Each structure stands twice: as structure tokens, then as C-alpha cells.
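Asker: okay, predicted coordinates and the sequence, questions at the end:
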Amino acid sequence: MLDINLIRKDPEKVKNALLKKIDNVDFAELLEWDKQKRDLTHKVESLKARRNEVSSLIPRLKKEGKDVTEQLSEMKKVSDTIKDLDSELERTSDKITEFLNGMPNIPADDVVAGGKENNRVISEWGNKPQPSFTPKDHMTLAVSLGLIDYDRGVKMGGNGFWLYKGKGAILEWALLNYFVASHLEDNYEFILPPHILINQCGYTAGQFPKFADDVFRIEADDKKESTHFLLPTSETALINFHRDEILKEEELPKKYFAYTPCYRKEAGSYRASERGMIRGHQFNKIEMFQFTTPENSDKALDELIFKAEKLIKGLGLHYRVSKLAAQDCSASMAKTFDIELWIPSMNEYKEASSCSNAHDFQSRRGNIRFKRTDTGKNELVHSLNASGLATSRLFPAILETYQQSDGSIIVPEVLRPYTKFDKIV
RNA sequence: GGAGAGAUGGCUGAGCGGUCGAAAGCGGCGGUCUUGAAAACCGUUGUAGAGCAAUCUACCGGGGGUUCGAAUCCCUCUCUCUCCGCCA
């Protein structure tokens, strides 16, 4: 959520920053409500002060045996007025909240305006594989080697699902183990969160209310509104780890990582080119997460990108890093870098990790603060997340990159301690 | 799933419908004492909003109600704990 104080102080500045991300912004109405809210607050609070004053006077007068009917009838009126003003105040506050809930995060100063076309590749690593034979695509390889079973996956989960089997499952699990070992090495704390979350979690993360349709809702009993949903990424869980908490400055940064499958509707996003395992309703991902002080969040983002790159380098896969333009960052994020893997058969780079700094956007929604040691004041933390990593893009990249002329796959060295085999035939 | 108990400040735990933002203890912070520390003693100690400020307002799980006035009474929801049943 945006900071209303920022808008109050310099609406033009906030507006110009937001215009990098959305087509138009008009704060006129909001500022009007905001003013109205403060007027009402002032009015209702002085009435309450009056009520408190007389309410403590009444028992004293009674004790002295004096008549209090006059006070009682005045207070009756005052109380009625308070009730009216309070509900008006609530309506105004709701309008403000609703408005702010609809606003995306303010892009960081160094994030450029516009959509995908303005994304900028800032680095590349490795080379595209140049096989001396005609390479196969990952679907063909996965099926012929018995690693992925698409037909049976669909039999169980319906369209958009697959299953891993045999050495495919082992390879998938090896990837996850490789990531876990790396994060533990770097002293990130391992979290295995619930996969079914309450709606508040989606709100804190910034997915609700605007993007509530992108996730699988858990149907409620009788006709009540659904209260739970399947997490679309463990970020949604992790941001809520410290919800409504006040951390100590010296315990920041807090560094976590979690493994969960990610469940997404991906409604209407089916594309023939993304068959295979590029896009499904469920995929495995390990997510890194940090809570930091505002002054340290940029540094933390660098660290997360470095860690994600380290994992891919270890696998020897060709990738590039892009800095996203404002519109390509998700609503909650101020700045995002994507790490994209080269998928030979698609002749394209596909996102394997998205590394973002949300600034205080999520922590304001989740009321996640820390106490400054020197001033004793509470401030909102900054939150950051980065995939480390999603396997659904890695698996295809590995198959296609490490395929041999005889159709076998060489297992990247870093995974062999976990697979216990070095070749898939 | 059945039965019961409960939800109060960082923690433990009192609380009569009328100065209760809330006793007490612990913890934290500051001080006295001490070569230093401990102990002891004294003081202090929540969050948020409005206002230039003095100050005011709200918050005792959430929401609603009764009342001039609610932590305290009523309704409702959520959560936690105990016991029984079931179960990986």
C-alpha cells in the first residue's frame, strides 16, 4: 500500500512516478476524502472529549445528590451525533483504503517507464549450446527418457499438469536439494510453510484484492465467501511470517528461504509454444526472502541476484539478467530484475528467477515494523523476494543443454551428489 | 466430530458498569551504590491517529448491540487450550 503521507505531501511527484507504471492517476478525489477524514476526526474527537468529561462528572454530581437529568439528555444527543459522525468517518476511511488498495507500488527512481519493450539486459553469462547434431526439444527428451509423464499428469490433474517419474523425479529433487544446500551454506533459515493460506496473506503480499482471480480459491462450506487459497508462490507465505510484529533493528536483515510448489490458475495464458513444462498450474520453486532496514534493501537485492546467478552458474546454463521496466514489474514491487534462461528449442530466454524489492509496500499492508535502536521509533521494514530457483524452466534448459547425440543427458556435476547417477540414458 | 475452558500491555496475571491505558510481579531502560559486576534501592517503561503546541482521541482477540458512560453486560465471529472420539 502507498503511504498517504507521501501523496499528501507531494501528489505531483507520486503521480509522475506512478505514471511510469499505469496510464493515469488522479489524486484529487483522494485528497478531498483525506481532508474530509481529518475534519471529521477532529469533530468527532472533540465530541468524545466532551462526552468523557461529562461522563466522569455524572457520578460525582450523583454523589452530591444533585440532579443530572440535564446532563443525561445532553449526552444522549452528543452520543447520537458521535454515532453518526463515526459512521461517516468510517465510510470515508473505507473509500481511502479502497483507493489505495487499487494503487500499485511506486517504481524506484532508477526504474524506467513503459512495458517489456523497455526492459534492459544488463548482463549475460555463458553461451548458447552449439551441438554438432540436430538437437531435440525438452518434451521429446523428457518423454523418450521417461522423466516426465504428461498423459498421466493430465489424467490426475487435468490440462496443465504433468508428473515427474523415475530419474526425472530424482533430477527434480536433486535440483531442490542443490538449492537448499546453497541457501543453508549462506545462513538463510529454511521454512516449510502451509500451502493453503488465509486471505489476509494474499492482501499483505499485494495479490488481493486486485489479483484474487489468479489463484486457486479454496471453496468454503455452505455459501460463505472463500477464506483460503492455494499459494501461488511461497513469497505469499513468507511476507506474512512477521506480520504484525515489531522486529529489533539489530536482528535485521532476516533471511529466509522456503520450498513449496506454486499453484497458479494461469487462466487464458495457454500458448502452444509453452507446452511442456514451461507453464503449468503447479511447479516447484524455492524462494528467498529478506526483511531489511530501508537503507539496506538495495544491497540485499544485489545479494539475492548474486545468489540466484550463482545457482545457475553452478549448473552451467546460459542466462541473462534483465532489469524490468515499470509496467513489467508486478504491482507490489518497486524494482525487479529477471534472470532468464536460454531455452534452445524455443530460441528464447525464459524467466527462471525474479528478484524484487517491494520497499515498504508489503510491510505497510502487513504492519511489519522494526524499532530503531537509537531513536526507539518504529519504522516499516523493506521486504525482498527472489526465486532461488524455480525448476520448471531449469529442467527444460538442462535437458536441452546437456543432451548428447545419442539422446542421453549428462547430469550437471553439482547435482550428482544428489542424483547418484551422472547420465540419463 | 463431541464436551468444556479461555483470549487483558514485551511476558505472567488482577480487574467492582463511572479518572482503568488499566493493579501486581517479571523483563527492558536510566540512575544511586560498587574498582567492575551482581544484589539492593529510586525512577522510567505500549501502539496509532488529530493538532504548531498545550493537549485530545482510540485501542483490554475481531465485529455488532445495550447505556449518559463498557475491559467489565448481551449477541456474533475468529483463534487458543484441555478432555473424548477419529486419523497420517
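Answerer: Perfect, thanks for sending it. Predicted, not measured: the structure shown is a model, and the values here were computed from it.
Asker: residue of the stretch 151-300 of chain A nearest RNA strand B, please.
Answerer: Relative to RNA strand B, the nearest point of the stretch 151-300 of chain A is residue A:246 (6.9 Å; CB to the nearest atom of the strand). The C-beta positions use only the backbone N, C-alpha and C, and glycine is treated the same way.
Asker: do a quick rundown of the helices in chain A.
Answerer: Assigned by DSSP state H, chain A shows helices spanning A:4-9, A:11-18, A:28-63, A:69-101, A:138-144, A:150-157, A:166-185, A:199-205, A:235-238, A:297-315, A:361-366, A:391-401, A:416-419.
Asker: mind listing what's buried along the second one?
Answerer: If you call a residue buried by 16 or more other CB atoms under 10 Å, then helix A:11-18 has these buried ones: A:11, A:14, A:17, A:18.
Asker: before we move on, the earlier item: could I get the helices of chain A as TSV with distance to residue A:279?
Answerer: Converted to TSV, those look like this (distance: least, CB to CB, whole Å):
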stretch	distance to residue A:279
helix A:4-9	37
helix A:11-18	29
helix A:28-63	37
helix A:69-101	28
helix A:138-144	13
helix A:150-157	13
helix A:166-185	17
helix A:199-205	21
helix A:235-238	18
helix A:297-315	19
helix A:361-366	25
helix A:391-401	8
helix A:416-419	25
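Asker: for these, which one sits closest to residue A:374?
Answerer: With distances scored as CB to CB, the stretch of the helices of chain A nearest to residue A:374 is helix A:297-315 (19.2 Å).
Asker: what's the angle between the closest one and helix A:166-185?
Answerer: 140 degrees (axes from the mean of the first three to the mean of the last three CA atoms, to 10 degrees).
Asker: what about chain A, any weak spots by pLDDT?
Answerer: Scanning chain A for pLDDT under 70 picks out the ranges A:220-224, A:268-278.
Asker: for it, which residues are neighbours of RNA strand B?
Answerer: Where chain A comes near RNA strand B, counting by CB under 7 Å from any atom of the strand, the residues are A:38, A:41-42, A:45-46, A:48-49, A:51-56, A:58-59, A:62, A:72, A:75-76, A:78-79, A:246, A:369, A:371, A:376, A:378.
Asker: quick check, nearest of the buried residues of helix A:11-18 to RNA strand B?
Answerer: RNA strand B lies nearest to residue A:11 out of those, by CB to the nearest atom of the strand, at 15.6 Å.
Asker: my guess is the closest one meets residue A:31, correct?
Answerer: Yes. With contact defined as CB atoms under 8 Å, residue A:11 and residue A:31 form a contacting pair (6.5 Å).
Asker: find the residue closest to residue A:15 in space, skipping its chain neighbours.
Answerer: Leaving out its chain neighbours, the residue that sits closest to residue A:15 by CB to CB, 6 or more residues apart in numbering is residue A:25, at 4.7 Å.
Asker: next, the contact list for the one you found, please.
Answerer: A:14, A:15, A:18, A:19, A:103 (CB atoms under 8 Å, 6 or more residues apart in numbering).
Asker: one more time with 7 Å
Answerer: Applying CB atoms under 7 Å, 6 or more residues apart in numbering, we find residue A:25 in contact with A:15, A:18, A:19.
Asker: residue A:88 too?
Answerer: Residue A:88 makes contacts with residue A:40, as judged by CB under 7 Å, 6+ apart.
Asker: tell me the spacing between residue A:30 and residue A:347.
Answerer: 46 Å (CB to CB, to the nearest Å).
Asker: so the two - more neighbours on which side?
Answerer: It is residue A:30, of residue A:30 and residue A:347, that has more neighbours when counted by other CB atoms under 10 Å, with 20 against 9.
Asker: residues contacting the more buried one?
Answerer: A:7, A:96, A:99.
Asker: skipping adjacent residues, who's closest to the one residue in chain A that gets nearest to RNA strand B in space?
Answerer: Closest approach between chain A and RNA strand B, counting by CB to the nearest atom of the strand: residue A:75, at 2.9 Å. Closest residue in space to residue A:75, ignoring its immediate chain neighbours: residue A:54 at 5.6 Å, by CB to CB, 6+ apart.
Asker: before we move on, the earlier item: the residue of the stretch 151-300 of chain A closest to RNA strand B against residue A:378, yeah?
Answerer: Yes. Here residue A:246 reaches residue A:378: they are 5.8 Å apart, a contact under CB atoms under 7 Å.
Asker: show me what contacts the residue nearest to residue A:416 when sequence neighbours are not counted?
Answerer: Nearest non-adjacent residue to residue A:416, counting by CB to CB, 6+ apart: residue A:422, 5.3 Å away. Going by CB under 7 Å, 6+ apart, residue A:422 touches A:410, A:411, A:416.
Asker: right, I'll call it a day here.
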